[in-house]
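[1] Here is my input; please provide its structure:
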Amino acid sequence: MNALDSAISIRTKPRIARDIPPDTPRVEAGKNPLPLTPLLVAGAALLAVSSMRFSIPALAWVAAAPLLAVLYQDGGLRRHLWVFAAITVGANIAIAKIVTPPIVWPMMFMFTIPASLTTFAIVSVSAGASRKLGVGWGIYAFPAFVVTGEWLTYTFTELSSWGALAYTQVDNLTLTQNATIAGIAGVSFLVALGSSVTASVLAQGLRPVKWHLAFFAALFVAAHLYGEIRLATDNTGPYVNVATVESPVPVERIPAIITNPSTGREYDAKLFERTALAADMGAKVAAWNEVGTMILPADEAAFVERGRNLAREKKITIVMSYGILLSSNPIRFENKYLWIRPDGSIADEYWK
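    As a prediction, the model looks like this:
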């Protein structure tokens, strides 16, 4: 070997492990590290605009992908903290969009904090499965944990199914037909699978993921095909006209009525008038919006009797929704639904 060859070999010799800074992202051979900041910003933005009001439902299919990709490539503590920060920002913006009177801004943290922690746990564990067990485990771990988290929420907490991923697709009538097969869990699973497949393509490239991507595409097409067929099939059963009855209580009066329900009695007549009008227009079921009015415990019997009499008179099913004030300091009330049959009998009581 001449001097020139020796010089070239020295210059091109790869650095050994101790020469590499400890905070350098660990990636597979031949893979370039993904840009951290753009992915974090994209992840927060997608979470913010893919749910609640003023959303773009199609983005829910890839909303978690940037943040999953960040942790698919590297599971360092610093990255986890940045991902948690991005999730928190996105969740707060999303839920802030539904803060309207009489809800005050601090109340949103009752939802954003548990939502952020839950989402971070699911993303973190799913990404860990991908790093430790392989890309396939990561792809299916994420939707599996999403569905499991939703089941735990509506089974063991008072939040019910609030915030389920399936609700981002309520305007996609074709897709939501699949709830007749697998419930909202099936819809949530498919939407979440879109994020994990996309994240794996970002982190691993297309080649290791191509068969998983093909499987997702097949599920996506099959789900929408089933929905189109179901929507195009004539319903041979009877049709029932259903009306929603909006509370006549003005928004600006809600805080006063919540603290002193006696001040809301003037609106009761209008509430029952609207229910009667719905029956006169052909409705067989009339459902009030949530907490259509607020009453005191002592007034409930007479209030319910008024609804039962109207149901008998109009031969209509009424779903009465109202609050019962239990305490004004602090404010505590029952959020109640009462299902009344056309004969005036009570079919069901439900406390939200």
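[2] Not including adjacent chain positions, what is the nearest residue to Ile316?
    In space, and not counting its chain neighbours, Ile316 is closest to Ala279: 4.3 Å by CB to CB, 6 or more residues apart in numbering. Quick note: C-beta positions are derived from backbone N, CA and C, even for glycine.
[3] And the pLDDT at that neighbour?
    Looking at Ala279, its pLDDT stands at 97.
[4] contacting residues around it?
    The contact partners of Ala279, taken as CB atoms under 8 Å, 6 or more residues apart in numbering, are 286, 314-316.
[5] Of those residues, which is the most crowded?
    In terms of neighbours by other CB atoms under 10 Å, the contacts of Ala279 top out with Ala286 at 26 neighbours.
[6] Kindly provide the distance from that residue to Ala69.
    Distance, Ala286 to Ala69, using CB to CB, to the nearest Å: 49 Å.
[7] Assign Ile318 to one of the three secondary structure states.
    With DSSP: H, G, I helix; E, B strand; the rest coil as the basis, Ile318 sits in strand.
[8] ugh, wrong one, I meant Leu338
    Reduced to three states by three-state DSSP, Leu338 is strand.
[9] tell me the pLDDT at the closest residue to it other than its chain neighbours?
    Spatial nearest neighbour of Leu338, excluding adjacent residues (CB to CB, 6+ apart): Met320 at 4.4 Å. Predicted confidence (pLDDT) for Met320: 97.
[10] Thr153 is in contact with Ser161, isn't it?
    Yes: using CB atoms under 8 Å, Thr153 is in contact with Ser161, at 7.1 Å.
[11] Give me the more crowded residue out of the two.
    Ranked by neighbour count (other CB under 10 Å), Thr153 and Ser161 place Thr153 first, with 19 against 16.
[12] ok, back up a step: I'd like the distance between the residue nearest to Ile316 and Thr263.
    Ala279 is 28 Å from Thr263, where distance means CB to CB.
[13] ok so, going back, mind putting the contacts of Ala279 in a markdown table, distance to Arg341 included?
    Conversion of the contacts of Ala279 to a markdown table gives the following (distance: CB to CB, whole Å):
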| residue | distance to Arg341 |
| --- | --- |
| Ala286 | 12 |
| Lys314 | 12 |
| Lys315 | 10 |
| Ile316 | 9 |
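[14] Among these, which ones are in helices?
    Judged by DSSP state H, those include Lys314 as members of helices.
[15] Mind telling me the two of the contacts of Ala279 farthest from one another?
    Spanning the widest gap among these are Ala286 and Lys315, at 11.6 Å by CB to CB.
[16] So which residues of this structure form helices?
    Applying DSSP H to the chain gives helices spanning 3-11, 36-49, 65-73, 77-96, 109-133, 135-156, 173-176, 179-204, 210-232, 254-259, 268-280, 300-314.
[17] of all those, which lies closest to Glu246?
    Comparison of the helices of the chain against Glu246 by CB to CB identifies helix 268-280 as nearest, at 7.2 Å.
[18] low-scoring pLDDT stretches of the protein, where are they?
    Residue ranges of the chain with pLDDT under 70: 1-32.
[19] how close does the residue nearest in space to the middle of it get to Ala243?
    A centroid search over the chain (CA atoms, centre = their mean) returns Gly163, at 2.8 Å, as the residue closest to the centre. Gly163 sits 28 Å away from Ala243, going by CB to CB.
[20] repeat for Thr119
    Distance from Thr119 to Ala243, counting by CB to CB: 37 Å.
[21] Compare those two (neighbour count), which wins?
    Neighbours were counted for Thr119 and for Ala243 using other CB under 10 Å; Thr119 has more, 23 against 17.
[22] any idea how far the residue nearest to the centre of the chain lies from Ala86?
    18 Å.
[23] Also Gly136?
    Noted for Gly136: a distance of 26 Å to Ala86, by CB to CB.
[24] The two - which one has more neighbours?
    Neighbours were counted for Gly136 and for Ala86 using other CB under 10 Å; Ala86 has more, 25 against 15.
[25] I'd guessed that one sits against Gly43; true?
    Yes: if you go by CB under 8 Å, Ala86 and Gly43 touch, sitting 4.8 Å apart.
[26] and for the two, which residues touch both?
    Common neighbours of Ala86 and Gly43, using CB under 8 Å, 6+ apart, are Leu67.
[27] How about the contacts made by Pro255?
    Neighbours of Pro255 in contact, by CB under 8 Å, 6+ apart: Pro102.
[28] ignore the last one, Asp348
    Per CB under 8 Å, 6+ apart, neighbours of Asp348: 337-339.
[29] Output the residues you listed as a markdown table; include the columns neighbour count and distance to Ile98.
    What follows is the contacts of Asp348, written out as a markdown table (neighbours: other CB atoms under 10 Å; distance: CB to CB, whole Å):
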| residue | neighbour count | distance to Ile98 |
| --- | --- | --- |
| Tyr337 | 17 | 21 |
| Leu338 | 20 | 26 |
| Trp339 | 16 | 27 |
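[30] and those residues as JSON lines, adding distance to Pro38?
    Shown next, in JSON lines, are the contacts of Asp348 (distance: CB to CB, whole Å):
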{"residue": "Tyr337", "distance to Pro38": "46"}
{"residue": "Leu338", "distance to Pro38": "52"}
{"residue": "Trp339", "distance to Pro38": "51"}
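[31] Which one of the residues you listed is nearest to Ser196?
    Tyr337 (36.8 Å).
[32] Test my guess that the closest one contacts Ser321.
    Yes: the pair Tyr337 / Ser321 is scored as a contact, 5.2 Å apart, by CB under 8 Å.
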